[in-house]
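**Student:** have a look at this prediction, sequence included:
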Amino acid sequence: MAAALQVQREVESLRQRLDDWNYRYYVLDDPSVPDAEYDRCMQRLRQLEQAYPELLRADSPSQRVGATLLSQFAPVTHELPMLSLDNAFSAQDMRDFNRRLLERLGMGARESELAFACEPKLDGIAVSLLYRDGVLERGATRGDGTTGEDITHNVRTIRTVPLRLRGRGYPQVLEVRGEVYMPRAGFEQLNARARARGEKTFVNPRNAAAGSLRQLDAQVTARRPLQMCCYGVGLTAGGKLPPRHAAIMQCLRQWGLRINPESAVVNGIAACEHYFDRLASRRASLAYDIDGVVFKVNELSLQQRLGTMSRAPRWAIARKFPAQEEMTRVLDVEFQVGRTGAVTPVARLEPVFVGGVTVSNATLHNADEIQRLDVRIGDTVTVRRAGDVIPQVVSVVAAERPAAARPVVFPQRCPVCNSPLERESQGAVWRCLGGLVCAAQQKAAIRHFASRRAMDIDGLGDKLVEQLVDAGLVANVAGLYQLQREQLLGLERMGEKSADNLLQALDASRQTSLARFIYALGIREVGEATAGNLARHFGSWETLAAASRDQLLAVPDVGPVVADHLLQFFASRSSMQVVEQLRASGVHWPDVEVSAPQALPLAGQTWVVTGTLDSMGRSEARARLQELGARVAGSVSAKTSRVVAGPGAGGKLSRATELGIEVLDEAAFLALLREQGVVP
Ligand code: 9MJ
């Protein structure tokens, strides 16, 4: 009896929590806990309700299909309900799913394996598009599955939603279903802009997509980097579709709708696991967030025989990845000083497994962000790690704040060198004014100088840089070339062999290229591509250092901000002294031939390389293009001639598509290089 009472209490507490979270999520657009926590509670509630059916009630959050409706948009009734998906969290769950399918279909386990369509599970907003005679008539959200909201005005602004279908053969009435989502790069840019303006940021790309679709003003939606990807068909009339899911998807593609290029058809549940593992390993390199893989029985006749349950079809399942957001506690907040003096608050966390790794630090960005989040030491927070993005604190779970939580105090002086801090005129960043006297900036500048893409000094790792600066042996990059063997041997854990190797690596680095040297100096906003462009444009250091603002602005990829940073560098006596010392200690490079531009096949063109390529790194791809006379820029603009895009390309690819710029995949790019004889 006592046990039953305890179960009842747990069920009530779960319902209460889930109702609160639903309200925050759907009504206030302000989620309070990570999805993983929500899913765990919902899963637990369902388990208990299944084990104790007498506790089941119609108003339990487990009995609701989807979202609460807001009243701003006209309601839309889905004639065929938009179902959700059952979840699988393990290989065992998948085998159970397969067994249930075979049982229902009356097939023995040893009979032929079922064919499954496998699709990445996009983490966005489910949307229905209704085409009549090939013309987009209506766009609607899923809502609670039966009734959604009319968002036609907003979906019409999404460039991947065709307003009219292409080709022929589509049914007279065709309802297409899919996910509207925001690629990660676009999300980061949107938030960076909001942060710079001191506005509210979005917690994650899915939330940003939801918020963008919920705009009453379609012009706001139009400015948001939304995409739509289709994964199913709802109502159809006046036409026939093929009898298999994957074939229908190909039809949609021919009619101008986007489907996911990662989709595949496999036979049997073992192959599903293989697909899942492969996609999981590539998850971070995709341009958008996915939270799992959807497996669907490919034959429509079998789908029909399997039928649906109240919330979800029996013929499909979503196998989930480990969560990208989890809850943990803030143990402390520390302040890091970067290469340019920017002071970044970093939360030290109780270690938590999120996005596939254990995370114990997360960035808090800047002082405004601390204020916006109102994060305190001792708070329970949601931490997000998506792809290779630095883990971030995205929100505070206010209900969990302990009485002893301490506010975070942003320092007034540099925590490393005690110099005063200055706030940038536009922006939220505080910078240490210590410059070269600040040990944190010294260390970061030396690490950058020594890095592989810069001077490539083998063996000069972070620990050693730390030791050299702390021991007072090196204060700036020029000091590296003055190091003596005896000084090195005086350092802890430095043997003769390591000391000799380091001196040799330093010696080897003296011979470099102008582009590497410019990049290695760490001038603000001057990345590798810009450094290469500067080197090719000016040909020598002297010409570059003497360039006027207008001359700098003539270089591709150099705008007013970069030009000003360059001019500031050339005007700084201490910076120019370091350059002189470096050259005096033997750092040298051949002058670059400012090639007769017409002679080369890609002369006058500006290219951008994005995503990953199998056959070479991005920097090699850039170098090959430069050999052919192209300028290579770091960002896509109206001036871009062509873009090379591999898997994982994000914002740059979408921007190129938006601007109608020609995009080459790796095969086309290699063909071009071969044609020009720069690769065999
Ligand atoms: C997502 N979210 O990517 C479905 N989904 O199919 C895919 N969702 C789905 N399929 C039936 N790829 C209901 C939902």
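**Tutor:** Arrived safely.
**Student:** how far away is the residue of the stretch 151-300 of the chain found nearest the ligand from Glu273?
**Tutor:** Here the residue of the stretch 151-300 of the chain nearest the ligand is Tyr231; by C-beta to the nearest ligand atom that distance is 3.6 Å. (Each C-beta comes from the backbone N, C-alpha and C, glycine too.) According to C-beta to C-beta, to the nearest Å, Tyr231 and Glu273 sit 21 Å apart.
**Student:** higher neighbour count, those two?
**Tutor:** Each of Tyr231 and Glu273 has its neighbours counted (other C-beta atoms under 10 Å); Tyr231 has more, 23 against 17.
**Student:** contact partners for the more buried one?
**Tutor:** Glu119, Leu122, Arg177, Gly178, Glu179, Met249, Ile259, Asn260, Val294 (C-beta atoms under 8 Å, 6 or more residues apart in numbering).
**Student:** at 10 Å what do you get?
**Tutor:** 117, 119-122, 126, 176-179, 245, 249, 252, 259-260, 263, 294, 296, 316 (C-beta atoms under 10 Å, 6 or more residues apart in numbering).
**Student:** next one: Ala316
**Tutor:** By C-beta under 10 Å, 6+ apart, Ala316 lies in contact with 83-86, 97, 116-117, 119, 231-232, 245, 294-297, 303, 306, 308.
**Student:** in helices only, show me the contacts of Tyr231.
**Tutor:** His245, Met249, Leu252 (DSSP state H).
**Student:** pLDDT weak spots in the stretch 501-650 of the chain?
**Tutor:** 595-599 (pLDDT under 70).
**Student:** tell me the mean pLDDT over the one helix or strand Lys463 maps to?
**Tutor:** Per DSSP states H and E, Lys463 falls inside helix 462-470. Per-residue pLDDT over helix 462-470 has a mean of 95.
**Student:** repeat that for stretch 255-275.
**Tutor:** Computed over stretch 255-275, the average pLDDT equals 94.
**Student:** give me the distance from that stretch to the chain's centre.
**Tutor:** 22 Å (C-alpha atoms, centre = their mean, to the nearest Å).
**Student:** contacts only, for Pro171.
**Tutor:** 131-134, 233, 235-241, 251.
**Student:** if any of these are buried, give me the PyMOL selection for them.
**Tutor:** For the buried members of those, the matching PyMOL selection, counting by 16 or more other C-beta atoms under 10 Å, is:
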select buried, resi 131+134+233+236+241+251
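**Student:** as CSV, the contacts of Pro171 with distance to the ligand, secondary structure and pLDDT would be great.
**Tutor:** Listed next are the contacts of Pro171 as CSV, based on distance: C-beta to the nearest ligand atom, whole Å; DSSP: H, G, I helix; E, B strand; the rest coil; pLDDT from 0 to 100:
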residue, distance to the ligand, secondary structure, pLDDT
Tyr131, 19, strand, 96
Arg132, 23, strand, 96
Asp133, 26, coil, 95
Gly134, 23, coil, 94
Val233, 10, strand, 97
Leu235, 14, strand, 95
Thr236, 16, strand, 96
Ala237, 20, strand, 96
Gly238, 23, coil, 95
Gly239, 21, coil, 94
Lys240, 21, coil, 94
Leu241, 16, coil, 96
Cys251, 16, helix, 96
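**Student:** for stretch 212-228, list the C-alpha coordinates in CSV.
**Tutor:** Provided in CSV are the C-alpha atoms of stretch 212-228 (Å, rounded to 0.1, in the frame of the first residue of the first chain):
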residue,chain,number,x,y,z
SER,A,212,11.2,32.5,-36.7
LEU,A,213,8.2,30.6,-38.0
ARG,A,214,6.0,32.2,-35.3
GLN,A,215,6.4,35.7,-36.6
LEU,A,216,3.4,37.7,-37.5
ASP,A,217,5.5,39.8,-39.8
ALA,A,218,6.8,37.6,-42.7
GLN,A,219,9.6,40.1,-43.3
VAL,A,220,11.2,39.1,-40.0
THR,A,221,11.0,35.4,-41.1
ALA,A,222,12.5,36.3,-44.5
ARG,A,223,15.7,37.5,-42.8
ARG,A,224,16.1,34.3,-40.8
PRO,A,225,18.3,31.5,-42.4
LEU,A,226,15.6,28.8,-42.5
GLN,A,227,15.6,25.7,-44.6
MET,A,228,13.0,23.0,-45.3
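**Student:** which residues are contacting the helix holding Lys463?
**Tutor:** 439-440, 442-450, 457, 460-461, 473-476, 479-480, 483, 487-488, 491-494, 498, 502.
**Student:** list buried residues within those.
**Tutor:** Of these, these count as buried by 16+ other C-beta under 10 Å: 439-440, 442-450, 457, 460, 473-474, 476, 479-480, 483, 488, 502.
**Student:** close to the ligand: what parts of the stretch 301-450 of the chain are there?
**Tutor:** Within the stretch 301-450 of the chain, the positions lying close to the ligand (C-beta under 6 Å from any ligand atom) are Ala316.
**Student:** point me to the residue of the stretch 301-450 of the chain nearest the ligand.
**Tutor:** For the stretch 301-450 of the chain, C-beta to the nearest ligand atom, closest residue to the ligand: Ala316, 5.4 Å.
**Student:** how close does Arg17 get to the ligand?
**Tutor:** 25 Å (C-beta to the nearest ligand atom, to the nearest Å).
**Student:** distance between stretch 500-520 and the chain's centre?
**Tutor:** Taking mean C-alpha positions (C-alpha atoms, centre = their mean), stretch 500-520 and its chain are 33 Å apart.
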